[in-house]
Structure formats: structure tokens, C-alpha cells
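**Student:** Pasting the sequence and the predicted coordinates here, then a few questions.
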Amino acid sequence: GLLNETDSYYSMISTRIQYIDTSLNQNVSGSKHSTGKSDAVLQCQSLYQDPIFQKKLLSASDEFAALDRLIKVGISVNRFQQEELNACNAG
């Protein structure tokens, strides 16, 4: 839900878990997502990133509109938590 604010999200997570020593488990490594970049995937990405399509989808589906609202609330909560963390770190 915070795709537009990934840097601040990862910063918040890092701040919250900075005490964990990840060097203790050296066998863990990341990997690419299993979904490839086929033409169909690229077409879907393009369609769902289109603001006009997004508005049509939200107006046609109460469920998607509710999820959109939930995401916006999550972003607001994240911003509030960031302000709180910054205030704690400053004091």
C-alpha cells in the first residue's frame, strides 16, 4: 500500500529493526520475482498504471474503492509514525 513511498517505508523499517544483526545468517539471499517480463505482463502493468483506468475501476467496484481508501489510510498512518519516530530520535 505504500508503493509510492517505498524509500520512507524501508527507512522506517530499518529504524525499527536496526538492532538485528543480519550478518548472523549468511545463507539467506534475495532472488528475482518469478513473474517474467512477458508482453502480457507489460500490458497489464501499463493498463493498471493508467489513471483513467484506475478511476473507472474504482467507480465500478465498491471493493476496490474500499481497498484504495484503506491504502490511503495506511499511508497517513505511516507518515504519522515517521513523525513520531523523528520526534523520538530528536529528543
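**Tutor:** Everything's here; your move.

**Student:** CA only for contacts and neighbour counts going forward, please
**Tutor:** Noted.

**Student:** Where does residue 78 fall, secondary structure wise?
**Tutor:** Following DSSP states H and E, one finds residue 78 within helix 62-90.

**Student:** residues of that helix that come out buried?
**Tutor:** 65, 75, 78-79, 82 (16 or more other Cα atoms under 10 Å).

**Student:** mean confidence score for it?
**Tutor:** For helix 62-90, the mean per-residue pLDDT is 84.

**Student:** Quick one: list the elements packing against it.
**Tutor:** helix 51-60 (3 or more Cα pairs under 8 Å, 6 or more residues apart in numbering; DSSP states H and E).

**Student:** quick one: buried residues of the helix it packs on?
**Tutor:** Within helix 51-60, no residue is scored as buried using 16+ other Cα under 10 Å.

**Student:** now for it, which elements pack on it?
**Tutor:** So helix 51-60, by 3+ Cα pairs under 8 Å, 6+ apart, packs with helix 62-90.

**Student:** The helix it packs on vs helix 51-60, what angle?
**Tutor:** In terms of direction (axes from the mean of the first three to the mean of the last three Cα atoms, to 10 degrees), helix 62-90 departs from helix 51-60 by 110 degrees.

**Student:** mind starting the numbering at 243 from now?
**Tutor:** Sure, I'll start numbering at 243, so the last one becomes helix 304-332.

**Student:** In CSV, list the buried residues of helix 304-332 along with distance to residue 281.
**Tutor:** Below are these laid out as CSV (distance: Cα to Cα, whole Å):
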residue, distance to residue 281
307, 28
317, 31
320, 35
321, 36
324, 38
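
**Student:** Now flag whichever of the residues you listed is closest to residue 282.
**Tutor:** Lowest distance from residue 282 to the buried residues of helix 304-332 (Cα to Cα) belongs to residue 307, with 25.2 Å.

**Student:** Leaving out chain neighbours, which residue sits closest to that closest one?
**Tutor:** Sequence neighbours aside, residue 300 is the residue nearest to residue 307 in space, at 4.8 Å (criterion: Cα to Cα, 6 or more residues apart in numbering).
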